[in-house]
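Visitor: Take a look and give me a structure for this.
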Amino acid sequence: MASHPEVTASLLGSLGSDRPTPYLPRRNDVLWYLLVASTILAVVAFRLVYLVWLCPFDLAPDEAHYWDWSRQLDWCYYSKGPMVAWLIRAAEATCGAWLRDTHGTTMPAVRLPAVVCGGFFALGVFVFTYQLSASLSLAYFTMLAILLTPHFTALSTLITIDSPFLCFWQWSLVAAYRAILPDCSWDTSNNCGPAVPTLTDPRKNCRTSAWLSWWILGSFIGLGILAKPTMVLFPACLVLFLTGYRPARHHFRSSRFWLMMMVAGILGAGPILWWNAHHDWVTFRHVLTQATLTSSGRWRPWGWLEYLGVQCALLFGAGFLLWLLASRWAARVCRSQDVSPHTRATAGFLLCFSWPVFLLFAGFSLRTSIQPNWPVAAYLAAIPLVALWLHRRPTFRSETSPAIDAPVLPSFINHFTKSASFGASVGSGWLGFPRNAWAILLWPCAAFAFLVNIFLHQPRWAYELGILPTLARLTGHADDPNWPRRFDPTCRLQGWREIARAVQQLRESCRTLGWEPILAATPYGTAAELAFYLPDQPRVFCLNRPNGLRYTQYDLYRPNPVNDPQAFMGRDFICVGVMTESAQRGFAAVQLVRTVSVQRYGYEIAREWIFLASGYRGFPAVQPTARY
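Guide: As a prediction, this is how the structure comes out:
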């Protein structure tokens, strides 16, 4: 007791009073909290300014598709849950009247949920890393590193299902860690305090707090399922951890665990199951088809190599290597008897919420090509694991001695670059790298990621500086007129206003002749883009199935020309996109009236075809086994 006067005074004070001593953040802690809040608010403010005045991008086809969903709210949709449509509808209803870009469209309002989700995601990274390490500086700079990546730029700019999904996954990690390991994440005996400021002592009403933690976890999981079906992997990872960590197995016998599962099931799975029961289970058919579990496609024995290469590129090589090293270190911690049980639990927690997700999609890669963003949830536990390993902490959070924050930024950088810190780590010894190898490896990757981030904001600089044209020449694609679409992913986000303008001019010409054309397009993204960028935002039908493509949400909206031909007999259409011979047989005459070429930076980045199809007579019978 004599060596710990603070603890002694705290114990004596609590014995002499019925009221527990509240946790009071230290002055230095308050400064860190203010720094975190100001950083996140600054990033959110910059993102809004960028979207309103500086963004050169139109809505991506998927973004426009989700916006079209938001015009007809439902409990679920063909391929995804309803969360993204609900968020877009709420943003447009509250901010659409005044949050517009320089062209007068509501693009910033449509993307506002992504900005907000990005801010909460960054806060979740900070809170989770602090829960693990009790180091405010490490938590802040881990969050800051995430904010500067091109991945976060896409997450917080484009409104896709990944924006709310990753936000809910991140906060589910926070809630799960709090529910399972409360003594580790909210230990007050070392004067570190809770991971976030609280108005009451965490030792008070611990039973109520435990119930609340599990209820919040179930809510986050349920909301995540409404955003993206991949969220069902979170309970699976949780069960895997509880099974492997013996002291936590009692949760299977606890009513709180089953409350969490019930809340997640009712909130997340309930609406999706109810909707699918009334729509021939199309969401499940679509997901199973994407995973190639319901088709007779060939096996891809080398698909895992493609998958591994894409993910290594996504993490700029060095990030994937660091994850391997940190994971090996965490595996050794799990087997060590020289560390506390909570330390072993934390190491196992991070491994169970990263590698199983990654390996699951590696297995799917043997059957189908994996999109780069599918396993991204695995990295939300991998990021703090790597940060902790680089920070060179002997344990994640000691329960016998207080955690000490790194003083300031230069000290943090030293942890990431000085040879002494890396030479002492498990991983560097394992690979036998020289002393300065990590600095040589990390800084070029960080610089490259920073440059990619800049070019994602303003891609014209990559053309004006000759970077992309040089890359096209070096790879032998300079003679390909479509080479910008091969190297520049932002091409898919440009030119839609010009295409809509050309369609509007044709509509006005038809109106002067006394008839109103019906609008249709292929694929579904083009139909959604026209619906958003045409002045009156009309309904645009999708001709995916007549052109041999898969089902879409548009097939569920009735009436439509494919499923209800009698309602459209004899009508004239303006069709945008590909028109196969099978689709053209649905009209008495089809004429190509215009080809729209979208030019940027001196190159053609997109081309679209506009057809005038007259005398609709119904499409040939579409096979009932069309692709989902």
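
Visitor: what's the closest residue to residue 520 other than its chain neighbours sitting at in phi/psi?
Guide: Leaving out its chain neighbours, the residue that sits closest to residue 520 by C-beta to C-beta, 6 or more residues apart in numbering is residue 541, at 4.3 Å. C-betas here are computed from N, CA, C, even on glycine. In terms of degrees, to the nearest 10, the main-chain angles of residue 541 are phi -80, psi 160.

Visitor: Just confirm residue 541 contacts residue 519, I think it does.
Guide: Yes. Contact status for residue 541 versus residue 519: in contact at 6.8 Å, counting by C-beta atoms under 8 Å.

Visitor: in terms of contact, does residue 627 touch residue 555 like I think?
Guide: No. Counting by C-beta under 8 Å, residue 627 does not reach residue 555; the two are 11.8 Å apart.

Visitor: who's more crowded, these two?
Guide: A count of neighbours by other C-beta atoms under 10 Å puts residue 555 above the other of residue 627 and residue 555, at 20 against 14.

Visitor: With adjacent residues omitted, what lies nearest to residue 243?
Guide: Residue 243 sits nearest to residue 249 (C-beta to C-beta, 6+ apart), 6.9 Å away.

Visitor: Just the pLDDT for that neighbour.
Guide: In the prediction, the pLDDT value recorded for residue 249 is 92.

Visitor: cool, and residue 564?
Guide: The predicted local confidence for residue 564 is 94.

Visitor: Let me see the contact set for it.
Guide: By C-beta atoms under 8 Å, 6 or more residues apart in numbering, residue 564 lies in contact with residue 558.

Visitor: Compute the distance between it and residue 170, please.
Guide: In this view, residue 564 and residue 170 are 44 Å apart by C-beta to C-beta, to the nearest Å.

Visitor: What of residue 142?
Guide: Residue 142 is 12 Å from residue 170, by C-beta to C-beta.

Visitor: what do those two both touch?
Guide: residue 125.

Visitor: Could you report the neighbour count for residue 178?
Guide: 26.

Visitor: what about it, distance to residue 213?
Guide: Counting by C-beta to C-beta - residue 178 and residue 213 are separated by 5 Å.

Visitor: now do residue 560
Guide: If you measure residue 560 against residue 213 using C-beta to C-beta, the figure is 47 Å.

Visitor: now do residue 491
Guide: Taken as C-beta to C-beta, the span from residue 491 to residue 213 is 46 Å.

Visitor: now swap in residue 135 and tell me
Guide: In terms of C-beta to C-beta, residue 135 sits 22 Å off from residue 213.

Visitor: higher neighbour count, the two?
Guide: Shown here are residue 135 and residue 213; by other C-beta under 10 Å, residue 135 has more neighbours (24 against 21).

Visitor: mind listing what's buried in the helix or strand that contains residue 271?
Guide: Assigned by DSSP states H and E, residue 271 belongs to helix 270-277. Buried positions in helix 270-277, judged by neighbour count with 16 or more other C-beta atoms under 10 Å: 271, 272, 275, 276.

Visitor: Looks like the second one contacts residue 281 (just checking).
Guide: No. Residue 272 is not in contact with residue 281 according to C-beta under 8 Å; the separation is 10.3 Å.

Visitor: Residue 216 contacts residue 175, correct?
Guide: Yes. Counting by C-beta under 8 Å, residue 216 touches residue 175, with 4.9 Å between them.

Visitor: So which of the two has more stuff around it?
Guide: Legend: neighbour count by other C-beta under 10 Å for residue 216 and residue 175, higher for residue 175 (23 against 19).

Visitor: How about the contacts made by the more buried one?
Guide: The contact partners of residue 175, by C-beta under 8 Å, 6+ apart, come to 213, 216, 217, 220.

Visitor: Mind telling me what element it is part of?
Guide: helix 162-180.

Visitor: Give the rounded mean pLDDT of that helix.
Guide: Helix 162-180 comes out at a mean pLDDT of 96.

Visitor: Can you name the helix or strand that residue 287 falls in?
Guide: helix 282-290.

Visitor: For the next helix or strand after that helix, give the mean pLDDT please.
Guide: Note on helix 282-290: by DSSP H and E, the next helix or strand toward the C-terminus is helix 303-314. On average, the pLDDT along helix 303-314 is 93.

Visitor: so what does helix 303-314 touch, helix or strand wise?
Guide: Contacts defined by 3 or more C-beta pairs under 8 Å, 6 or more residues apart in numbering; DSSP states H and E place helix 303-314 against helix 355-364.
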